[in-house]
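Undergrad: okay, here's the prediction I keep looking at, along with the sequence it came from:
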Amino acid sequence: MKVARWQLDQRQGQPLEIKIQMSKARIRQWYEHWDGEVFVAFSGGLDSTVLLHLIRSIYPNTSAVFHNTGLEFPEIVKFVKETDNVHWTQPKKRFPQVIEEYGWPVVSKRISRYIHDAMTLEPTSKAAHLRLTGYTSKGDYRPSYMISKKWRFLIDAPFPISHRCCDFLKKNPAKEAEKLYGAPYLGMTTEEGDQRAQTYLRYGCNIYDSKRPRSWPIAFWRHQDVLDYIEQFGVPYSTIYDMGYTRTGCYVCPFGVHLEDPPNRFQRMKETHPKLWSHCMDRLGLKKVLDFIKVPYD
């Protein structure tokens, strides 16, 4: 169901009590539509932690699935292990193999994809021409499909660049989980990016007409709502968030780090997880990536 921008703005401005009731209605709709063949995609982060608590307040036996990328902070892994009724998935390829075969994720998924195309395709190919000039084979100008001048220097990086790690570590295991456990609830909000906001405006919370149906019942919540819910209901959460981290994910991923104020995630990691920091910088080779894009890490 399409949602107008003013409706999203209105929903985001509602008090938490109203948002909880709205989200519960969408949770019930999803659950009943799939006759209970549903699960919660549980990352151990704050959003999915709140979503799992909210769903289990209605349907206590709902399963959760954790995609173990091998790149989660130990505090996240510990918290997931302490959470009841969570199934684990494992990727078929680990991160070192992915970056060796395809390349490093840099800047953003979109930029990494464009740079990968420019690095690996024949310069005369249509796709490479599009990435470098913005012009399609029909002569139409599509600047959003072109590598911007700001990031064009990445084409000459002394390491491969690719967007594929998420495919192997998260997307593919997620597809397998859906075959086993049903239709997923996702703990995502539109505050996390414009692309997610556009998806919400197009479909709303419950996306039925898709190759991969999914529900994100707290899409219109703000980050502060998540924090307020945790405090109001005494929801346990991972201790990683008491160390200064506001978002977690794959600890080695540099997506978006160039936008962070100091101390950025890697500078913080050196203080909170020095052995993990050393593993990323030296063993995995992240140092050369950050040096090339001029992001501090000490």
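TA: Great, that's in hand.
Undergrad: next up, the contacts around the residue nearest to the spatial centre of the chain.
TA: Central residue of the chain (C-alpha atoms, centre = their mean): residue 249, 7.3 Å from the mean position. The contact partners of residue 249, by C-beta atoms under 8 Å, 6 or more residues apart in numbering, come to 43, 45. Where you see a C-beta, it was placed from the backbone N, CA and C, and this is true even at glycine.
Undergrad: distance check, it against residue 196.
TA: 15 Å (C-beta to C-beta, to the nearest Å).
Undergrad: quick revisit: gap between the residue nearest to the centre of the chain and residue 153?
TA: 26 Å.
Undergrad: can you check which helix is longest in this structure?
TA: helix 16-33 (DSSP state H).
Undergrad: buried stuff in that one?
TA: 19-20, 22-23, 26-27, 30-31 (16 or more other C-beta atoms under 10 Å).
Undergrad: so which elements touch that helix?
TA: helix 46-56, strand 183-186, strand 206-207, strand 214-215, helix 223-233 (3 or more C-beta pairs under 8 Å, 6 or more residues apart in numbering; DSSP states H and E).
Undergrad: what does the second one contact?
TA: For strand 183-186, the external contacting residues (C-beta under 8 Å, 6+ apart) are 27, 30, 33-34, 37-41, 48, 51, 55, 65, 174, 177-178, 213-217.
Undergrad: and the next helix or strand past that strand?
TA: helix 194-203 (DSSP states H and E).
Undergrad: just how off-centre is that following helix within its chain?
TA: 15 Å (C-alpha atoms, centre = their mean, to the nearest Å).
Undergrad: tell me the helices and strands packed up against it.
TA: Secondary-structure packing of helix 194-203 (3+ C-beta pairs under 8 Å, 6+ apart): helix 5-12.
Undergrad: rounded mean pLDDT for the helix it packs on, please.
TA: For helix 5-12, mean pLDDT rounds to 94.
Undergrad: flag every buried residue along that helix.
TA: Buried residues in helix 5-12, counted by 16+ other C-beta under 10 Å: 8, 11-12.
Undergrad: list the residues that contact residue 239.
TA: 75, 79.
Undergrad: do you know how far it is from residue 232?
TA: Residue 239 sits 20 Å away from residue 232 when distances are taken as C-beta to C-beta.
Undergrad: likewise for residue 226?
TA: 11 Å.
Undergrad: these two - which one has more neighbours?
TA: Between residue 226 and residue 232, residue 226 has the larger neighbour count (other C-beta atoms under 10 Å), namely 24 against 11.
Undergrad: and that one, how far is that from residue 23?
TA: 11 Å.
Undergrad: mutual contacts of the two, please.
TA: Joint contacts of residue 226 and residue 23 (C-beta under 8 Å, 6+ apart) are residue 218.
Undergrad: hmm, residue 49 is touching residue 238, no?
TA: Yes - the pair residue 49 / residue 238 is scored as a contact, 7.5 Å apart, by C-beta atoms under 8 Å.
Undergrad: could you report the neighbour count for residue 159?
TA: Around residue 159 there are 13 residues (other C-beta under 10 Å).
Undergrad: those helices in the stretch 51-200 of the chain, which residues are they?
TA: 74-81, 95-101, 109-120, 126-133, 165-166, 172-181, 194-203 (DSSP state H, counting those that start in this stretch).
Undergrad: go through the first one and flag the buried ones.
TA: Spelled out, it's helix 74-81. 75-77, 79-80.
Undergrad: same check on the third one?
TA: For helix 109-120, the buried set under the neighbour-count rule, 16+ other C-beta under 10 Å, comprises 109, 111-119.
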